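Have a look at this prediction, sequence included:
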Amino acid sequence: MATRNDVARLAGVSVAVVSYVLNNKSFVKEETRRKVLAAMEELGYTPNLTARSLKTRRSGQLAVLTNFIGNPFEAGILLHLEEAARWKGYMIAYRSYDPDREPELLAQLAGRVDGIILLGQSLAEATLASFRKKEIPLVSVMSPGQPCSHIHTVDLDWTAAYRQVAAELVRLGHRHIAYMGHGCPSGPLYPRMGAFAAAVREAEAAAAVTLRCDWLALAVEGRYESAREHLLKLAAEPGFTALVCANDLTAIGACSACRERGWTVPGRLSIVSSENILMVSETHPPIATLDYPRQKAAHQAMELLIRLIEEPGHKEASGSGEAEAGAVAEEIRLPATFIPRSSLAQAPQVP
């Protein structure tokens, strides 16, 4: 059976360098890393993970809390998180998040994972305090509806993103706009609603126009069925000429309802979405949308989490350890690209 000494000899490096590679130390040159990995593969060397865990006090496992695995947007983030974790030598365990069973999280995850990725969930303060005490850092892709100073976040700059959408709607003559999202303050879509409201106010001031906004709050967050049913239940044809949706499944459901009610898109109603999953480019008509850079968001979140795990000096504001007075978690905001498609057109004349 090959040993670490055998790997070092074949790769032409010291045993310490082999250890650095196995522990994903960032200062190892890429050429050296490749030589060590090639030697490991040639020799069939497999590190003793149990011994490594005892020495490092790490499990090499990470947890990701999911909301709705059937959402392609979320599934795409999960794939990129897994890819980034694999490159760093970590494995991922997925767990569906249920707020009613949140107290079970600590018992299920403590001692089994080195860190946790959230997808915008708002955890109770007691849960966060328990993870801090256990020194388990948390990073969230998408900002939680309830901000927390202990959780680092990676998300779109939603105000800047919706600023592009609002400006385009104003340019096309839309003055009565609706926004469809989720009204629950703890949900990951909730911050997007506030960002859109801010962008609308800026658009009004910039163009010297008055915009009327309707806020359509869904019963179930971000689902196709909920959006479709909401529009189908409207007693009369709406006065708004444009509908901005907090996520793509909502926009697809809205398009479906419009077909059933005989409202042409974009002739009667323009629709704009917010994520750019593949499905919104294949609807009829294709839906205009903001592009959420899922790969970049996932990779940056993973890099941040692993740094918090492997470099204890970064933990004070991470959700692990006792936060220093005034410590603030990092907020990474990514730029968005607006993709105009044929679901967006000039505002019609509505009686």
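Happy to help now that I have it. Numbering: from 1, shown residues only.

In terms of pLDDT, where does S318 sit?
We have a pLDDT of 44 for S318.

nope, N48 is what I meant
In this model, N48 is scored at 60, pLDDT.

just the one 3 residues further on next, same as before
Looking at A51, its pLDDT stands at 52.

now the one 10 residues further on
Q61 is assigned a pLDDT of 92 by the prediction.

residues in contact with it?
Residues in contact with Q61 (C-beta atoms under 8 Å, 6 or more residues apart in numbering) are Y90, M91, I92, A93, R112, V113, D114. Placement of C-beta: from N, CA and C, glycine included.

Now the closest residue in space to the second one that isn't next to it in sequence, what are its backbone angles?
Which is M91. Using C-beta to C-beta, 6 or more residues apart in numbering and skipping the chain neighbours, the partner closest in space to M91 is Q61 (5.3 Å). As for Q61, its main-chain torsions (degrees, to the nearest 10) stand at phi -120, psi 140.

Buried residues, stretch 335-351. List them.
A336, F338, I339, R341, S343, L344, A345, A347 (16 or more other C-beta atoms under 10 Å).

and it, average pLDDT?
On average, stretch 335-351 scores 92.

can you list the residues that contact that stretch?
So stretch 335-351 is contacted by 156-158, 160-161, 164-165, 168, 172-176, 239, 241-242, 255, 265-268, 270-272, 276, 280-281, 283, 285-293 (C-beta under 8 Å, 6+ apart).

Show residues contacting stretch 152-160.
Outside of stretch 152-160, the residues within contact range by C-beta under 8 Å, 6+ apart are 137-144, 191-192, 195-196, 198-199, 290, 292-293, 297, 300-301, 304-305, 308, 317-319, 329-336.

With only the CA atoms kept, save that stretch in CSV.
Only the C-alpha atoms of stretch 152-160 are listed here, as CSV (Å, rounded to 0.1, in the frame of the first residue of the first chain):
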residue,chain,number,x,y,z
HIS,A,152,-21.7,36.4,5.4
THR,A,153,-23.7,36.7,2.2
VAL,A,154,-23.2,36.5,-1.5
ASP,A,155,-26.0,37.8,-3.6
LEU,A,156,-27.0,40.0,-6.5
ASP,A,157,-27.0,43.8,-6.1
TRP,A,158,-30.7,43.8,-6.4
THR,A,159,-31.2,47.5,-6.3
ALA,A,160,-28.7,48.1,-9.1
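
Now P72: closest residue in space that isn't a chain neighbour?
Nearest-residue entry for P72: I277, 4.5 Å, with adjacent residues in sequence omitted and distances by C-beta to C-beta, 6+ apart.

Now do that neighbour against Q164, distance only.
Look at I277 and Q164: by C-beta to C-beta, to the nearest Å, they are 19 Å apart.

So which of these two has more stuff around it?
Taking other C-beta atoms under 10 Å, I277 and Q164 do not tie; I277 has more neighbours (23 against 16).

Could you pull out the strands in the chain for me?
Using DSSP state E, the strands found in the chain span residues 61-66, 91-96, 115-118, 138-141, 152-156, 176-182, 212-218, 242-245, 270-273, 288-291, 331-334, 337-339.

on that earlier part again, just the buried subset of the contacts of Q61, please.
The neighbour count (16+ other C-beta under 10 Å) marks Y90, I92, V113, D114 as buried among these.

count of neighbours near Y94?
Neighbour count of Y94, defined by other C-beta under 10 Å: 14.

Give the bridge partners for it, please.
Residues in a beta bridge with Y94, per DSSP bridges, are V64.

what residues are up against it?
With C-beta under 8 Å, 6+ apart, Y94 has these contacts: A63, V64, T66, I69, L78.

and H299, how many residues sit next to it?
18.

Show the pLDDT at it.
96.

Distance check, it against L305.
Counting by C-beta to C-beta, the gap from H299 to L305 is 11 Å.

go on, E275?
From E275 across to L305, the span is 22 Å (C-beta to C-beta).

Have a look at the two and say which one is more surrounded.
L305 (28 against 25).

Hmm, that one is touching L118, no?
No. Using C-beta atoms under 8 Å, L305 is not in contact with L118, being 10.3 Å away.

got any residues that touch both of those two?
Common contact partners of L305 and L118 (C-beta under 8 Å, 6+ apart): V139.
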